[in-house]
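Visitor: generate a structure from the sequence data that follows.
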Amino acid sequence: MYCRGGADANKDDQNTNLVVNPLYNLAKADWWFQHHRGCDKVPPKAGEFLELPANGNVTVELAHNRAFTTLSYNGNLVTDWPDGKTHPEDWNGFNTDGTPAVCLKDDGALHTYNESSAGGTAFAISYTPDLASVTMENLVVFTTRYHTPWKRVATYAVPDLPACPEGGCTCAWLWIPNGCGEANMYMQGFKCNVTNASPTAKPLAKAQVPVYCENEPGKCVKGAKQMLAWHQLTGNNIETKAGVTPNYNAKCGWEEGAQTDIFEAGEGEGTVVSSSRAAVPLPSSTSVVLSSVIVRSVVASSSASAIVTPSAVATPSPVKDAVLSSVVYNSASFTSPTATPTKHAGVKPSRTKSAGVKPSKACSIRRRRYAASRK
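Guide: Residues are numbered from 1 along each chain as shown. This next block holds a predicted model:
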């Protein structure tokens with residue numbers, strides 16, 4: 001993952017939330033793969049990839065700070081929730097006295113009233129290992145998960161993707177909150193590789209510009225689609241009316257789950273990659289971090305496996321670790337820690353200021369400002 005331990009390639013900050021912060025009103029050259037934070041200059045180590053099992057699933061941890069994932073502090077700050085706290089299963093901002101609902105106050109960084117109003121997240125893939133060669137047209141959204149982010153653990157379905165070229169692919173985790181704050185977006189980059197790819201898997205088509213089509217399915221763009229670029233200074237590919245938010249769901253033509261309509265019938269114009277390219281050989285254990293997301297993937301046919309702690313504190317395992325902006329994936333079953341998290345000595349998670357880390361509380365401030373502007 002890019003910026004796994006922050007923007008300093010010589011340090012590994014277990015308490016970083018650098019890549020978790022939103023992107024707003026930036027020039028495309030700056031928001032694209034978080035260039036303005038220097039994250040595009042801090043790639044994962046050689047041989048580290050997020051594994052995507054073709055026709056399988058990838059389970060991830062979503063969190064506000066790497067500190068609240070199993071990648072940091074031996075998982076001592078981990079709970080079922082992205083903020084490292086505990087909350088009721090029916091956690092919501094709806095009042096019982098007839099007054100309007102409110103955005104969740106205890107965890108404003110989720111940008112939502114409850115689980116059902118969460119905007120949804122997505123992953124996109126470009127069949128090139130060279131970040132400089134990735135474009136809006138060859139970065140194709142291949143999976144979505146409605147009503148996320150919510151709990152720390154989330155599972156995404158992977159379609160019948162072809163093998164990556166030598167050197168792997170480039171991927172991005174994507175999110176636009178459904179209101180409840182500043183009108184911003186999230187994009188986190190990482191190196192990825194498709195496993196279990198079929199030699200007959202079709203290449204991806206050129207990504208088209210999505211359109212807002214809520215309640216008008218006939219307007220929705222079919223097939224391969226670009227990521228949503230919204231409320232930036234330059235580079236936007238979608239505009240909406242005031243108070244209307246585009247999301248990675250039916251509002252913009254995405255069904256939930258693996259996107260099975262993103263392929264070309266064969267080689268030809270618009271093709272991104274040939275499925276005949278060989279898969280990239282991977283080391284026995286890898287770690288990648290993307291903006292408060294830890295990714296862990298195993299081939300779909302593998303047996304269930306327990307969580308594997310980071311390679312720095314554990315013996316390497318066949319399971320591949322990767323962190324994407326506080327999210328962790330695992331296509332095998334995921335076992336959550338049952339013990340109540342305790343504070344790790346010397347750890348200052350995102351709720352307090354940490355050297356070189358902007359606390360996620362700033363997101364709450366931005367959200368309130370946006371909420372006020374919508375009245």
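
Visitor: partners of the nearest residue to residue 134 once chain neighbours are set aside in the sheet?
Guide: Spatial nearest neighbour of residue 134, excluding adjacent residues (CB to CB, 6 or more residues apart in numbering): residue 126 at 4.4 Å. Every residue, glycine included, has its C-beta placed from N, CA and C. Bridge pairing for residue 126 (DSSP bridges) gives the partners residue 170.

Visitor: what about residue 126, how many neighbours?
Guide: By the measure other CB atoms under 10 Å, the count of residues near residue 126 is 26.

Visitor: what's the lengthiest strand in the chain packed up against?
Guide: Determined from DSSP state E, the single longest strand within the chain is strand 186-195. When contacts are defined as 3 or more CB pairs under 8 Å, 6 or more residues apart in numbering; DSSP states H and E, strand 186-195 sits against strand 50-53, strand 169-175, strand 289-290, strand 293-297, strand 320-326.

Visitor: now with 10 Å?
Guide: strand 50-53, strand 121-126, strand 169-175, strand 289-290, strand 293-297, strand 320-326 (3 or more CB pairs under 10 Å, 6 or more residues apart in numbering; DSSP states H and E).

Visitor: in PDB, could you pull the C-alpha coordinates for the first one?
Guide: Coordinates of the C-alpha atoms in strand 50-53 are reproduced here as PDB (Å, rounded to 0.1, in the frame of the first residue of the first chain):
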ATOM      1  CA  LEU A  50      -3.000  -6.700  -2.300                       C
ATOM      2  CA  GLU A  51      -4.200 -10.100  -3.600                       C
ATOM      3  CA  LEU A  52      -7.500 -10.200  -5.400                       C
ATOM      4  CA  PRO A  53      -8.800 -13.800  -5.900                       C
END
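
Visitor: what's the spacing between the residue nearest to residue 134 and residue 224?
Guide: The gap separating residue 126 from residue 224 is 12 Å, by CB to CB, to the nearest Å.

Visitor: any common contacting residues for those two?
Guide: Common neighbours of residue 126 and residue 224, using CB atoms under 10 Å, 6 or more residues apart in numbering, are 137-140, 204, 207, 272.

Visitor: turn these into CSV, columns for pLDDT and secondary structure.
Guide: CSV is the format used below for the shared contacts of residue 126 and residue 224 (pLDDT from 0 to 100; DSSP: H, G, I helix; E, B strand; the rest coil):
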residue, pLDDT, secondary structure
137, 99, coil
138, 99, coil
139, 99, coil
140, 99, strand
204, 99, strand
207, 99, coil
272, 37, coil
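
Visitor: show me the residues around the closest residue in space to residue 202 that isn't next to it in sequence that make contact.
Guide: Sequence neighbours aside, residue 263 is the residue nearest to residue 202 in space, at 3.9 Å (criterion: CB to CB, 6+ apart). By CB under 10 Å, 6+ apart, residue 263 lies in contact with 140, 142, 159-162, 201-205, 223-224, 271-272, 275.

Visitor: circling back to that earlier point, dump the shared contacts of residue 126 and residue 224 into a markdown table; add neighbour count and distance to residue 60 as well.
Guide: Below are these laid out as a markdown table (neighbours: other CB atoms under 10 Å; distance: CB to CB, whole Å):
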| residue | neighbour count | distance to residue 60 |
| --- | --- | --- |
| 137 | 16 | 26 |
| 138 | 22 | 23 |
| 139 | 27 | 19 |
| 140 | 26 | 19 |
| 204 | 27 | 22 |
| 207 | 25 | 22 |
| 272 | 24 | 24 |
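
Visitor: closest one of these to residue 188?
Guide: Set against residue 188, the nearest of the shared contacts of residue 126 and residue 224 by CB to CB is residue 139 (12.8 Å).

Visitor: residues contacting that closest one?
Guide: 32-33, 124-128, 170-172, 174, 187, 189, 204, 207, 224, 226-227, 272.

Visitor: same question for residue 169.
Guide: Residues in contact with residue 169, defined by CB under 10 Å, 6+ apart, are 49-50, 52, 125-129, 134, 161-163, 190-194, 272-273, 280.

Visitor: cool, residue 254 as well?
Guide: With contacts defined as CB under 10 Å, 6+ apart, residue 254 is in contact with 120, 122, 141, 143-144, 146, 210, 220-221, 225, 228, 247-248.

Visitor: which of those residues lies closest to residue 102?
Guide: Using CB to CB, the contacts of residue 254 come closest to residue 102 at residue 247, 20.1 Å.

Visitor: returning to that earlier point: just give me the closest of the contacts of residue 263 to residue 258.
Guide: residue 159 (3.9 Å).
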